[in-house]
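Asks: Coordinates for the following, if possible.
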Amino acid sequence: MNEEERDFYWYWFVNIRGIGNVTRNKLLSLFGHPKHIYHGEEKEVSKVLGPKQMMSFRKSRNKKNIIESMQRLEQNRIRFIHWESDEYPDALRHIYDPPYGLYLIGRMPEKNKPVLGMVGARNATIYGRKTAERFAKILAENGIQIISGLAAGIDAASHRGALQAGRYTMGILGGGIDTIYPRENFNLYMEMYERGGVLSEYNMGVENYSGLFPARNRLISGMSDGIMVVEAGESSGSLITVDQALEQGKDVFSLPGRITDPMSVGCNRLIAQGAYLVQTPEEILHILKEKGNKGSLISEQRVNGKEFHGSIEPEFHSPEQKNIYGLLDEVIPKNFDMLLQESGYNIRTLQHILFEMELLGWIYQPNQNTYLKIFL
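Replies: Numbers count the residues shown, from 1 in each chain. I've put the predicted structure just below:
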């Protein structure tokens, strides 16, 4: 059987309506390959399929329709990757309920480079989005490939950070390969099509709905060497990804937050349960290396020496700005009164310095009159 025939039979097999992976597994156990199922006697197939599924099975074996459907993928620059494809990710072969078919626009992650899945809240705070973007940028600059779910909030910020670094990032969708959700991510999708990859286990025309996202999350964790959670509420869907990552034996990294912040409840709980507490991208690089993952390809010099693309200080316009920047943290905010006491400046001077630094994009207020410096 040549490659074109294998593509045909696998494409048909994963697109039979009304048949899920449990049933597909039974069919494969009985027949061994989609080709034998396609040409199998209905009497044998009906040992696995119910009456409605048999009707769908009969209708699906239309060679003309199958070929036209595959051609539509090609016209939309979508590649179908199946269980026997050379491109099928080895990492997904070992997860629970692996997909037999995948749809890809762009390219897959490189096999010899580490992959980090970044997840978090859709309604993330400004701090969460900026932190995710900065971590992704620094990690991507240092050889980490970033995967996320192309949703709003932390997902989108993570992808943008990697793209800012001019490096690879992949989005894994919870709907069909041609769905763009949310719509405001349209430009991000277009950029990722050209410079990274977009992947789904669902064909064109499959709409997003909440029931598909947990299944999508197993692919994010399955494709990754570790998962980083940036912001997550108490019942965040990101925690499903973490559960699946732990089942798959993956490292989990969590960004700490204030105990009064509802968007940090999930992250802080993960840390209490044993996730790695990380405050800088360097820590993730070190952990990947120590754990013997593919991150060990990153050299000690790049992590600890001058070549590391880590946080840098802005070009200050005055000694006062440098002083205030040095008093601020990237994770734990300080209020105006604390800065007033620690800096020794008077109220008007401090207000002027903070106002200038906000305009320059060096600091921001997560809450009124509290300040954090921004990763640069």
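Asks: how close does Leu49 get to Arg58?
Replies: Separation of Leu49 from Arg58 (CB to CB, to the nearest Å) stands at 10 Å. Where you see a C-beta, it was placed from the backbone N, CA and C, and this is true even at glycine.
Asks: Between the two, which has more neighbouring residues?
Replies: Shown here are Leu49 and Arg58; by other CB atoms under 10 Å, Leu49 has more neighbours (19 against 11).
Asks: Show the contacting residues for that one.
Replies: Residues counted as contacts of Leu49 (CB atoms under 8 Å, 6 or more residues apart in numbering) are 19, 23, 27, 57.
Asks: Correct me if wrong: the third one contacts Lys47.
Replies: No. Using CB atoms under 8 Å, Leu27 makes no contact with Lys47, being 9.6 Å away.
Asks: So the two - more neighbours on which side?
Replies: More crowded of Leu27 and Lys47, by other CB under 10 Å: Leu27, with 23 against 9.
Asks: which residues touch the helix or strand encompassing that one?
Replies: In this structure, Leu27 sits in helix 21-31 according to DSSP states H and E. Residues outside helix 21-31 that contact it (CB under 8 Å, 6+ apart): 13-14, 19, 34, 37, 40, 44-45, 47-49, 53, 97, 99-100.
Asks: rewinding a little: now, among the contacts of Leu49, which is nearest to Leu239?
Replies: Of all these, the one with the least separation from Leu239 (CB to CB) is Thr23, at 29.5 Å.
Asks: Distance check, that closest one against Glu41.
Replies: Here the distance between Thr23 and Glu41 works out to 18 Å (CB to CB).
Asks: Compare those two and say which is more crowded by neighbours.
Replies: Comparing Thr23 with Glu41 by other CB under 10 Å, the one with more neighbours is Thr23, at 15 against 7.
Asks: What ranges does the stretch 251-376 of the chain have for its helices?
Replies: For the stretch 251-376 of the chain, applying DSSP state H, counting those that start in this stretch gives helices covering 265-272, 281-290, 300-304, 319-327, 336-343, 347-359.
Asks: Considering these, which stretch scores lowest in mean pLDDT?
Replies: Per-stretch averages of pLDDT across these put helix 300-304 at the bottom, with a mean of 34.
Asks: quick one on the thing from earlier: what would the helices of the stretch 251-376 of the chain look like in a markdown table with distance to Phe135?
Replies: Conversion of the helices of the stretch 251-376 of the chain to a markdown table gives the following (distance: least, CB to CB, whole Å):
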| stretch | distance to Phe135 |
| --- | --- |
| helix 265-272 | 13 |
| helix 281-290 | 5 |
| helix 300-304 | 15 |
| helix 319-327 | 20 |
| helix 336-343 | 25 |
| helix 347-359 | 22 |
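Asks: Among those helices, which comes closest to Asp7?
Replies: helix 281-290 (35.2 Å).
Asks: Buried residues of that closest one, list them for me.
Replies: Of the residues in helix 281-290, those buried by neighbour count under the rule 16 or more other CB atoms under 10 Å are 281-282, 284-289.
Asks: what residue lies at the spatial centre of this structure?
Replies: Centroid-nearest residue in the chain: Ser148, 1.1 Å away (criterion: CA atoms, centre = their mean).
Asks: Wait, that residue touches Asn217, no?
Replies: No. Ser148 sits out of contact with Asn217 when judged by CB under 8 Å, with a separation of 10.7 Å.
Asks: Between the two, which contacts overlap?
Replies: Overlap between the contact sets of Ser148 and Asn217, as judged by CB under 8 Å, 6+ apart, is given by Val119.
Asks: How many residues are close by Glu194?
Replies: Using other CB under 10 Å as the criterion, Glu194 is surrounded by 9 other residues.
Asks: Does it lie in a helix or a strand, and which?
Replies: Using DSSP H and E, Glu194 maps to helix 186-195.
Asks: ok, residues contacting that helix?
Replies: Helix 186-195 is touched from outside by 77, 105-106, 150, 156, 159-160, 163, 166, 168-171, 180, 198, with contacts defined as CB under 8 Å, 6+ apart.
Asks: one more time with 7 Å, if that's ok
Replies: Contact partners of helix 186-195, identified using CB atoms under 7 Å, 6 or more residues apart in numbering, comprise 105-106, 150, 156, 159-160, 163, 169, 171, 180, 198.
Asks: buried residues in that helix?
Replies: Judged by neighbour count (16+ other CB under 10 Å), helix 186-195 contains these buried residues: 188-189, 192.
Asks: which stretches of the stretch 151-300 of the chain have low pLDDT?
Replies: Filtered on pLDDT under 70, the stretch 151-300 of the chain yields the residue ranges 289-300.
Asks: again, 80 this time
Replies: The model of the stretch 151-300 of the chain has pLDDT under 80 over residues 209-212, 234-237, 288-300.
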